[in-house]
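1. structure for the following, please:
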Amino acid sequence: MIALNNLVVYAVHFLQERQVTATVEEVVSICFRLFPQSFALKNYPRWPDSALVIRRLNDGREKGNLKGNSMDGFLVKYKGKQLAKKVAKALGLVKPTKAKIKRTKVISQKKISIAPVVKKLTKRKLTKPLTQPIKAKKPPSSEKRKNIVQRPEKTIIAEKIIAPQLSKEEKAKAGKFVHSMERSDAYIHYKKNGKNSKLGEFDFRSMLLCTMESSRETLIKNINLFKGYAGIHNRQDLITFLSHCEDRFSYLLAAPQKQLKKPLRNQGTKERKFHG
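-> Sure, this is the predicted structure:
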C-alpha cells in the first residue's frame, strides 16, 4: 500500500507536468480520478473527500515535498519529484529509457597501391546480334480484365449517432464531458498524429475518467456514454476518435475466452491393449 501523502504528491506532480495549476480543486479532482478507492467518502463512494486531500497537502508541505498555498496553488520541490518518481514506478507508470549506444573505434589500415594491369584489346567483327530484340507484351484482352476484381481497402467508418431532443441541463452536462475529452492528453495526441498515433493505456483510461483498476465493463460503459455525449453536440470527430480507441485497445474491451478441456484419448487405447 502506498501512503496517502505520497499519492497526493504524485497527483500534484501529475498536474505540474501537464502545465495545470495545482489548485485545491484540481488536486481533489485528480486524486479522486486516479485513486477513487483511497480518496472517496466512506459512506458516499461516488464523492471525493476534499478534507482528506487538504490534510495530506499540508502534510506534504510540512515534510518539504510541496510548496505553495491554497490561494496560489501548490508546486512540487526537488525532494517531492524524487518521491513522485518512486510512486510512478510502484504504480508501473515509468516509461522505458532508451539504451545508450557505445561507439566503437575503427582502426584504419594502410592503403597499398597496386598498379593496374593493362590488357590489349582487339576488335572483332560481329556477324550476329548478341541478343534478340525485346518484343512488347500484348495488353490483356477485355475478357480477362473482367475477371480481375479489385478488393477495396478496409476503412473504419464511424456510425453517426442521432441524439433525441434533450433539455438544456442534459445538453450542458454533455458539453462538460465533450470539453473534458477535448482537453485530454489522448485526444490532443490523436489530433496531432491521426490514425498513426500511439496512445498509452494510462491516457486512454484517464480520458474515460477511469483508473488503472477499472474493470472492462466500466470502460465499455464510459465509451458508449461519451459517444452519446459527442452525438448530442454533433461532434463526429470525437466519435471517430472513440472508435479508433476501441480498435486500438480491443484487448482491454474484449471478453476473456474460456479454454475448453480436451478429452483424454490415451486411456481408452491403453485399456484395449491390456485386455487384448
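
2. just the helices in this protein please.
-> Taking DSSP state H, the helices of the chain run over residues 4-17, 24-34, 50-62, 78-91, 142-147, 168-183, 185-193, 201-207, 216-232, 236-248, 250-253, 266-275.

3. so how far is residue 186 from residue 208?
-> 9 Å (Cβ to Cβ, to the nearest Å). For glycine as for every other residue, the C-beta is placed from the backbone atoms N, C-alpha and C.

4. wait, residue 86
-> 26 Å.

5. which ones are touching the closest residue to residue 203 other than its chain neighbours?
-> Counting by Cβ to Cβ, 6 or more residues apart in numbering, residue 203 lies nearest to residue 186, which is 4.2 Å off, once chain neighbours are set aside. For residue 186, the contact set (Cβ atoms under 8 Å, 6 or more residues apart in numbering) comprises 199, 200, 203, 204, 206, 207, 245.

6. tell me who's in contact with the third one.
-> When the contact criterion is Cβ under 8 Å, 6+ apart, the partners of residue 203 are 184, 185, 186, 189.

7. what about the nearest residue to the last one once chain neighbours are set aside, how many residues nearby?
-> Using Cβ to Cβ, 6+ apart and skipping the chain neighbours, the partner closest in space to residue 189 is residue 197 (5.1 Å). The burial count assigned to residue 197 is 16, neighbours taken as other Cβ atoms under 10 Å.

8. phi and psi next, for residue 197.
-> phi -70, psi 140 (degrees, to the nearest 10).

9. got the domain boundaries for the chain?
-> Domain segmentation of the chain under automatic domain parsing yields 4-91, 168-253.

10. surely residue 238 touches residue 230?
-> Yes - between residue 238 and residue 230 there is a contact under Cβ atoms under 8 Å: 3.9 Å.

11. tell me, what's touching those two both at once?
-> With Cβ under 8 Å, 6+ apart, residue 238 and residue 230 have common neighbours 178, 181.

12. could you measure from the residue nearest to residue 203 over to residue 238?
-> For residue 186, the distance to residue 238 - Cβ to Cβ - is 11 Å.

13. of all the helices of the chain, which lies closest to residue 43?
-> Closest approach to residue 43 among the helices of the chain (Cβ to Cβ): helix 50-62, 13.7 Å.

14. avg pLDDT for the closest one?
-> Averaged across helix 50-62, pLDDT comes to 90.

15. which secondary structure elements does it contact?
-> helix 4-17, helix 24-34, strand 66-69, strand 73-76 (3 or more Cβ pairs under 8 Å, 6 or more residues apart in numbering; DSSP states H and E).

16. please redo it, this time with the cut-off set to 7 Å
-> When contacts are defined as 3 or more Cβ pairs under 7 Å, 6 or more residues apart in numbering; DSSP states H and E, helix 50-62 packs onto helix 4-17, helix 24-34, strand 66-69.

17. tabulate these (TSV), appending mean neighbour count, mean pLDDT and distance to residue 178.
-> Shown next, in TSV, are the helices and strands packed on helix 50-62 (neighbours: other Cβ atoms under 10 Å; pLDDT from 0 to 100; distance: least, Cβ to Cβ, whole Å):
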stretch	mean neighbour count	mean pLDDT	distance to residue 178
helix 4-17	22	91	22
helix 24-34	20	90	17
strand 66-69	17	91	31
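
18. now render these as JSON lines, adding distance to residue 224.
-> Below are the helices and strands packed on helix 50-62 laid out as JSON lines (distance: least, Cβ to Cβ, whole Å):
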{"stretch": "helix 4-17", "distance to residue 224": "27"}
{"stretch": "helix 24-34", "distance to residue 224": "19"}
{"stretch": "strand 66-69", "distance to residue 224": "39"}
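
19. thank you kindly, that will do.
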